[in-house]
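> have a look at this prediction, sequence included:
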There are 2 protein chains.
Amino acid sequence: MTCITQSSEEKIKEAAKSVFLKKGYAGTTARDIAEAASMNIALTNYYFRSKEKLFFEIFRDLFSYYCKNTLKIFEKPISIREKLIELIEEDFQMMKKEPSLVLFLMTEIHRDPERLLPELSRFKELLHVTLSNQIEEEIINGRMRNISVEHLMPLIMGSLQFVFVGKNMNMKMYNASEEEFNAFAENHKNLIISMITEYLFISETVS
Amino acid sequence: MTCITQSSEEKIKEAAKSVFLKKGYAGTTARDIAEAASMNIALTNYYFRSKEKLFFEIFRDLFSYYCKNTLKIFEKPISIREKLIELIEEDFQMMKKEPSLVLFLMTEIHRDPERLLPELSRFKELLHVTLSNQIEEEIINGRMRNISVEHLMPLIMGSLQFVFVGKNMNMKMYNASEEEFNAFAENHKNLIISMITEYLFISETVS
DNA sequence: GCATATTTTAAACAAATGTTTAAAATGTTT
DNA sequence: AAACATTTTAAACATTTGTTTAAAATATGC
């Protein structure tokens, strides 16, 4: 990334990542990747054996990247309220950097959910360990509305990520520039923080 | 659909719709479509001239289908609150019937937003005519929180549709059957109605 | 029932696809 | 510098792709 000289293998992987993110697996050709990396076509298979192997490697990377920050936040010794706000902020920054990521992951998982079952169940478990108990405690003590993690996560992720999933559509629809869209997305993020916290947490503590 | 004898043209279109919804444009081959329709490969081009033409026709149909019900609700002479609830209910039913629709539309629009610009701007205008003024009035009269249509729509659509966009992922993750997923989605829908209305509308009228 | 149009078929087409090959270029070791 | 391993190249490979063709099958009008 910041290296002055990048190995051919890395160059191909970077290029492939960017093309796969934009066009998806089926929409990407080996020649697309080679061209994006300014390399010979044969090198893709020389380093990664096949288009599919290369894709899997990139998919795993992106999926880990997507989950890592979330889990790191959930493991922190802070309140649920703080966790959720940090999660939204973190997720927002990530999508600002890589707006195609969520749609890419969703599409590829949708097309063939089998091929990453192991990754998914691991994520699910960590999610429960680091969040479920804490939420239950909060609910019992009457500080939080009764809700399960299974509903909470898609609620937050959905409202936040949807704006980026439809980024190109929104930009087209409102004739918006990159900056205008980012400003819009930032407002939307703040709206979601406000709505989620106000809805979830029983008042008395109004930040 | 309910016809006993379906014309070849219709059979191909039906089959193509189902395959495109599942695999997307790039992931679908002409032979996939022919096989799904149990017809000769040449017939696709005989009736629709090309794969792309067939795709456009189906895309327009699906996009109209997606917008039509929404606009119909917005044109009704009812309150904002009622409109939003009806919208969510309607949207929920639609996605129950066609769970792949939203992800399909999002993906294809994302890959090439140019090709349906006219459709989009028309939708945007109708959205504003039938909703913006009514919302502004509601806000001025202090019955509703200050929010713009541009934020309101993705807020509602996002939280609701995200569950279906990740349907296959969720089913895999929680080892859920079709019925279990639908029950989960229904709960989620009710949660969203509760959250949205409680957040948006200034109390005194607690349904 | 014959002539005409329409629909369907099997086969082929050129172009694009993922992949491999074998030689050339470059790097490394001694 | 010689011998070796590694990397890169141009070219070709076999499949798959979307599309077309020309003949066969079926339907339609008179």
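Now that the structure is in, tell me what you want to look at.
> only C-alpha atoms from now on, for both contacts and neighbour counts.
OK.
> looks to me like A:N146 is in a helix.
No - with DSSP: H, G, I helix; E, B strand; the rest coil as the criterion, A:N146 is located in coil rather than a helix.
> now it: closest residue in space, sequence neighbours ignored.
Nearest residue to A:N146, sequence neighbours excluded (C-alpha to C-alpha, 6 or more residues apart in numbering or on different chains): A:I139, at 5.8 Å.
> what's the neighbour count on the residue of chain A found nearest DNA strand D?
Going by C-alpha to the nearest atom of the strand, DNA strand D is nearest to A:N40 of chain A, at 4.1 Å. The tally of other residues near A:N40 (other C-alpha atoms under 10 Å in any protein chain shown) stands at 12.
> ok, for it, nearest residue in space, not its chain neighbours?
Closest to A:N40 by C-alpha to C-alpha, 6+ apart is A:A34, at 6.0 Å.
> let me see the confidence value for the most centrally placed residue in chain A.
What sits nearest the mean C-alpha location of chain A, by C-alpha atoms, centre = their mean, is A:Y66, with 4.2 Å. We have a pLDDT of 89 for A:Y66.
> mind listing residues that contact the helix or strand of chain A with the lowest mean pLDDT?
In chain A, no helix or strand scores lower on mean pLDDT, DSSP states H and E than helix A:117-127, which sits at a mean of 77. Applying C-alpha atoms under 8 Å, 6 or more residues apart in numbering or on different chains, the external contacts of helix A:117-127 come out as A:C67, A:L71, A:F74, B:K172, B:M173.
> so is the helix or strand harbouring the second one next to DNA strand C?
This points to A:L71. A:L71 belongs to helix A:51-74 when assigned by DSSP states H and E. Yes - using C-alpha under 7 Å from any atom of the strand, helix A:51-74 comes into contact with DNA strand C via A:K51, A:E52.
> list the buried residues in that helix.
If you call a residue buried by 16 or more other C-alpha atoms under 10 Å in any protein chain shown, then helix A:51-74 has these buried ones: A:K51, A:L54, A:F55, A:I58, A:F59, A:L62, A:F63, A:Y66, A:T70, A:L71, A:I73, A:F74.
> dump the host helix or strand of A:M106 to PDB, keeping only the CA atoms.
A:M106 is part of helix A:101-111 when elements are defined by DSSP H and E. The C-alpha trace of helix A:101-111 is given here as PDB (Å, rounded to 0.1, in the frame of the first residue of the first chain):
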ATOM      1  CA  LEU A 101     -18.000  -3.200   0.200                       C
ATOM      2  CA  VAL A 102     -21.400  -4.000   1.700                       C
ATOM      3  CA  LEU A 103     -23.200  -4.400  -1.600                       C
ATOM      4  CA  PHE A 104     -20.400  -6.600  -2.800                       C
ATOM      5  CA  LEU A 105     -20.500  -8.900   0.300                       C
ATOM      6  CA  MET A 106     -24.300  -9.100   0.200                       C
ATOM      7  CA  THR A 107     -24.400  -9.900  -3.400                       C
ATOM      8  CA  GLU A 108     -21.800 -12.600  -3.300                       C
ATOM      9  CA  ILE A 109     -23.100 -14.200  -0.200                       C
ATOM     10  CA  HIS A 110     -26.600 -14.100  -1.700                       C
ATOM     11  CA  ARG A 111     -25.500 -15.900  -4.800                       C
END
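> can you list contacts of it?
Outside helix A:101-111, the residues touching it (C-alpha under 8 Å, 6+ apart) are A:21-22, A:24-25, A:59, A:62-63, A:95, A:116, A:161, A:164-165, B:22-23, B:103, B:106-107, B:165-169.
> tell me who's in contact with A:F181.
Contacts of A:F181 by C-alpha under 8 Å, 6+ apart are A:K167, A:N170, A:M171.
> can you select the buried ones from the residues you listed in ChimeraX?
Buried members of these, defined by 16+ other C-alpha under 10 Å, are picked up in ChimeraX with:
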select /A:167,170
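> mean confidence score for the strand or helix carrying the residue nearest to A:N146?
In this assignment (DSSP H and E), A:I139 forms part of helix A:133-140. Per-residue pLDDT values over helix A:133-140 give a mean of 93.
> would you mark the buried spots in that helix?
The neighbour-count check on helix A:133-140 (16+ other C-alpha under 10 Å) flags A:I135, A:E136, A:E138, A:I139 as buried.
> fine by me, thanks again.
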